[in-house]
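Colleague: one predicted model, sequence on top.
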Amino acid sequence: MLMFNLLGQAAYRLRWAWIAAGIVVLVVGIVYGVNVFAGLKSGGLSDPASSSAVASQKILEKFPRSRISIILLASSPSLTVNQPQYRSALLSIIAQIKKDPSKPSILSYYNTSQSSFVSRSERETFVLIGIPGDQQAAYLRIRQHLPATQLKVSLGGPVVADYEINREVQKDLPKLGAISLPLLGILLILVFRSLIAAALPLLIGAISVLGAFSVTRLLSSAFDISVFAANIISLLGLGLAIDYSLLIVSRFRDELKAGHDVETAVMISVRTAGQSIFLSGTTVALSLLGLLAFPEMFLRSMGIGGAIAVFVAIAASLTVLPALLAVLGTNVNRLAVPFLLSANSEGSRSGWRAIGRFVVRWPLPVMALTLGLLFWAGAPFLHVRFANPGIESLPDSFQSRIVGDALARDFESGQKSPIEVLVTMASSPVGPNEVSYLLDYIDQLKRLPGVAEIHGVTSVGPEVPPQAYPELFAGVSNPQVKRLKSHYLNGNTALFTIDYTGSSDDAATQALVHDIHAVPVPDASEVLVGGDTAELVDRLSSLSTHLPTALTAIFLTTFVVLMLMLSSVLIPLKAIVLNALSLSASFGLMTWIFQDGNLQHQLRFTSSGSLDPTLPVLIFAIAFGLATDYEVFLVSRIKEEYERTGNNSDAVVLGVEKTGGIITAAGLLLVVVVAAFGMSDILSMKEMGVGLAIAVAVDAALVRTLLVPAAMQLFGRLNYWMPG
């Protein structure tokens, strides 16, 4: 309490210094912070220590020509791939690509004679381009210097997809800001009935976001941080700054209305609402830092970026905002808008008083009905299916999506990523002593259920005996052997690619990856398994392994902070259980929408029939913290009233009456912020935005309004029990 008294005094007496500091943060953010994307990275969805991640890195180092970076799709309305005009046009394009300084490798129908490169209509073919080194720079050069021919050419593949995603993420922030800021402004005017008061949360939101961008850009020079961290910073920085400003400004105006002078009103606001903001915000930040338990750069980045945004929002709300209120004084109510009902007006409070009395009178039915709704909404999560985001998660306008759809639709081979097996032996795998072990190992792999074909150095044909391999691979006269050696052999390491039946993310293919791991490896050898399916298997394994640690950290920090703040054992336990139930409803509705494909037309997406496994983890960490935020706002006021009156039922009613409008308004404002991200063309951002919007709406409308007050009424004096 003393700390917040001192902070309130400093906010008033040093008001001009705090305002100047806020202006500095804004200027630095505009000049330096807005360029945060310059240091952010793409990818980071895999555990870097997993077999698939290590395999991917080693394949990139040892077999850069086999790693497909770009897929060039060529088509003609009239010519077929075997006609001279088609062949000549495509070979001229390939010749130009080969001139690139990166020295890319090229695989096409014309240098492999494989029919899988030709579409069913024979008017389309694709070229696989492998790029060692800086792939993004090479892609931009290749795209710029493609010669004009009579063929229609499109570029796709993983490098193109990464480039388009990063570009879209950078475009999303100003676009989503243009959507959400006007709505937030209107809602804030409705809440405060004053243009001056309504402008303050938006100003604090700008300081929070730009300040967090500056800190994140500074950290990105020392650590890898995901490009998606910018989205979470914008979401939490703006959303929480507005929520916290709503509490401070509302309390300040209430204290002025009660007859206090400006200095006293500032000090009381910081001591009461400020203390709740600090403790609840710290809980949100610690909940997000629970994501550091995961080794995936994407999740760690979201935790770091989100925590930075929360701490900057707390700092701005407890320093710059009270300083602005100290300068404005009663002018905070200037430019009033008449005939509007604010969130904390007498009319609004009477409505919340009626809700509080109803809950206190019928706590068991209210709790039973609310829990029933939560369980019903969460039921679809019982049949959730996880998979890596596929090509269908990209917008229809992306070139990588267009190329991917064409490959899946027009070619027999589709667009399945093979399973990759990297075998490193004591000496050359095709040496006289090792080749027999290698052939025996590959023969065991061929017998596994689901294996269609295996490509590698052993693809020279079954008629070649083991003793012929050393001499065969010592020379380079045979073109087939030369190609196999170039793509599948490097020193003591051999690469094999496995084609399989089924899709890359179905249960049978995942089982095949586990079966490959179970096959005994040759003596003194190391085997790594990579590819999309192996990455999915390793991601699910990593998430399930590290999830208990993350949940323990989140639950423990929430319990300790709430226990110390509220001097209660039961309230923190109740908060953890009810927060988890609230989130189960969000996960169930996400499954119903995105996995089951409901609302595809309304939300403009194509369902893949699955969810990205990292999203529930990310949403849990964010939404659990936000739910605790609202828990603190409500329960701290109930406890304050209980200490004043000594009557639990009256305290519950008064707590709902005095905070119901503010919490609902704060929840609505935050829903506007996160729902704007649901309008992103990137499916993962859309899923996160919609999932968080559902979580916040359910929490503010059902859990804090009905379920928590009902539980507080049922437990009575036990709510405030503390050992000793």
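Modeller: Perfect, thanks for sending it.
Colleague: by contact count, what packs against the regular element (helix or strand) spanning residue 496?
Modeller: Assessed by DSSP states H and E, residue 496 sits inside strand 493-500. Packed against strand 493-500 by the contact rule (3 or more C-beta pairs under 8 Å, 6 or more residues apart in numbering; DSSP states H and E) you find helix 51-62, strand 419-424, helix 435-446, strand 451-455, helix 479-488, helix 507-518. The C-beta positions use only the backbone N, C-alpha and C, and glycine is treated the same way.
Colleague: out of those, which is closest to residue 410?
Modeller: Closest to residue 410 of the helices and strands packed on strand 493-500 is strand 451-455 (C-beta to C-beta; 20.2 Å).
Colleague: partners of the closest one, with directions?
Modeller: strand 493-500 (antiparallel) (DSSP bridges).
Colleague: with just CA atoms, put the strand it pairs with into PDB.
Modeller: Taking Å, rounded to 0.1, in the frame of the first residue of the first chain, the C-alpha atoms of strand 493-500 are listed here in PDB:
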ATOM      1  CA  THR A 493      25.800 -39.300 -44.700                       C
ATOM      2  CA  ALA A 494      23.000 -40.600 -46.900                       C
ATOM      3  CA  LEU A 495      19.600 -39.100 -47.400                       C
ATOM      4  CA  PHE A 496      16.500 -41.100 -48.100                       C
ATOM      5  CA  THR A 497      13.000 -39.800 -49.000                       C
ATOM      6  CA  ILE A 498      10.000 -42.000 -48.300                       C
ATOM      7  CA  ASP A 499       6.700 -41.700 -50.300                       C
ATOM      8  CA  TYR A 500       3.700 -43.000 -48.300                       C
END
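Colleague: just the buried positions in it, please.
Modeller: Across strand 493-500, burial judged by 16 or more other C-beta atoms under 10 Å covers 493, 494, 495, 496, 497, 498, 500.
Colleague: please apply the same query to stretch 172-179.
Modeller: 172, 173, 176, 177.
Colleague: I'd assumed the first one was in a strand, is it?
Modeller: No: per DSSP: H, G, I helix; E, B strand; the rest coil, residue 172 lies outside any strand segment and is helix.
Colleague: tell me the pLDDT of it.
Modeller: According to the prediction, residue 172 has pLDDT 72.
Colleague: which residues sit in contact with it?
Modeller: Contacts for residue 172 were tallied using C-beta atoms under 8 Å, 6 or more residues apart in numbering; they are 231, 677, 680, 681, 682, 685.
Colleague: which of those residues fall in helices?
Modeller: Counting by DSSP state H, the contacts of residue 172 place 231, 677, 685 in helices.
Colleague: so which of these is the most crowded?
Modeller: residue 677 (26 neighbours; other C-beta atoms under 10 Å).
Colleague: correct me, but that residue touches residue 691?
Modeller: No: contact criterion C-beta atoms under 8 Å: residue 677 and residue 691 do not qualify, at 9.9 Å.
Colleague: just the CA atoms of stretch 180-195, as CSV, please.
Modeller: Extracted in CSV, the C-alpha atoms of stretch 180-195 (Å, rounded to 0.1, in the frame of the first residue of the first chain):
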residue,chain,number,x,y,z
SER,A,180,-10.4,-1.2,-34.4
LEU,A,181,-9.4,2.3,-33.5
PRO,A,182,-12.6,4.1,-34.7
LEU,A,183,-14.8,1.4,-33.0
LEU,A,184,-12.8,1.8,-29.8
GLY,A,185,-13.1,5.6,-29.9
ILE,A,186,-16.9,5.3,-30.3
LEU,A,187,-17.2,2.8,-27.4
LEU,A,188,-15.0,4.9,-25.2
ILE,A,189,-17.2,7.9,-25.8
LEU,A,190,-20.2,5.8,-24.9
VAL,A,191,-18.4,4.6,-21.7
PHE,A,192,-17.2,8.0,-20.5
ARG,A,193,-19.6,10.5,-22.2
SER,A,194,-16.7,12.8,-22.6
LEU,A,195,-14.3,13.3,-25.6
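Colleague: who are the contact partners of residue 61?
Modeller: So residue 61 contacts nothing (C-beta under 8 Å, 6+ apart).
Colleague: how close does it sit to residue 495?
Modeller: Using C-beta to C-beta, to the nearest Å, residue 61 is found at 12 Å from residue 495.
Colleague: also residue 682?
Modeller: From residue 682 across to residue 495, the span is 32 Å (C-beta to C-beta).
Colleague: show me the shaky parts of the stretch 151-300 of the chain.
Modeller: The model of the stretch 151-300 of the chain has no residue with pLDDT under 70.
Colleague: can you map out the strands along it?
Modeller: Counting by DSSP state E, counting those that start in this stretch, residue ranges of the strands within the stretch 151-300 of the chain are 152-156.
Colleague: try the stretch 451-600 of the chain
Modeller: Counting by DSSP E, counting those that start in this stretch, the strands of the stretch 451-600 of the chain are 451-455, 489-490, 493-500, 526-530.
Colleague: buried set for the last one?
Modeller: The one in question is strand 526-530. 527, 528, 529, 530.
Colleague: for the third one, give me its contacts.
Modeller: When contacts are counted by C-beta under 8 Å, 6+ apart, residue 529 is found next to 51, 52, 55, 419, 420, 421, 422, 513, 516, 517.
Colleague: I'd like to know which of the residues you listed are buried.
Modeller: Here, 16+ other C-beta under 10 Å leaves 51, 52, 55, 419, 420, 421, 422, 513, 516 buried among the contacts of residue 529.
Colleague: the residue nearest to residue 327 when sequence neighbours are not counted: how many residues sit nearby?
Modeller: Nearest residue to residue 327 in three dimensions, chain neighbours excluded: residue 15, at 5.6 Å (C-beta to C-beta, 6 or more residues apart in numbering). Applying other C-beta under 10 Å, we find 20 residues neighbouring residue 15.
Colleague: ok, residue 15 touching residue 323?
Modeller: Yes: using C-beta under 8 Å, residue 15 is in contact with residue 323, at 3.9 Å.
Colleague: returning to that earlier point: ranking the helices and strands packed on strand 493-500 by mean pLDDT, which is last?
Modeller: In terms of average pLDDT, helix 479-488 trails the rest of the helices and strands packed on strand 493-500, at a mean of 77.
Colleague: may I see the buried residues of that helix?
Modeller: 481, 484, 485, 487, 488.
Colleague: what's the answer for stretch 45-64, then?
Modeller: 45-47, 50-56, 58-59, 62-64.
Colleague: ok, now stretch 528-545?
Modeller: Here stretch 528-545 shows 528-539, 542-543 as buried, counting by 16+ other C-beta under 10 Å.
Colleague: how far does that stretch sit from its chain's centre?
Modeller: Distance of stretch 528-545 from its chain centroid, counting by C-alpha atoms, centre = their mean, to the nearest Å, is 18 Å.
Colleague: pLDDT weak spots in the protein?
Modeller: If you take pLDDT under 70 as the line, the chain has these spans: 1, 64-67, 336-349, 413-416, 475-477, 724.
Colleague: show me it divided up by domain.
Modeller: 2-44+162-391+537-720, 69-156, 418-530 (automatic domain parsing).
Colleague: for the closest residue to residue 472 other than its chain neighbours, give its distance to residue 460.
Modeller: What sits nearest to residue 472 in space, not counting adjacent residues and going by C-beta to C-beta, 6+ apart, is residue 481, at 5.8 Å. Note on residue 481: its distance to residue 460, by C-beta to C-beta, is 6 Å.
Colleague: what's the overlap in contacts for these two?
Modeller: Common contacts of residue 481 and residue 460, defined by C-beta under 8 Å, 6+ apart, comprise residue 472.
Colleague: ok, residue 705 touching residue 358?
Modeller: No: counting by C-beta under 8 Å, residue 705 sits too far from residue 358 to count as a contact (10.7 Å).
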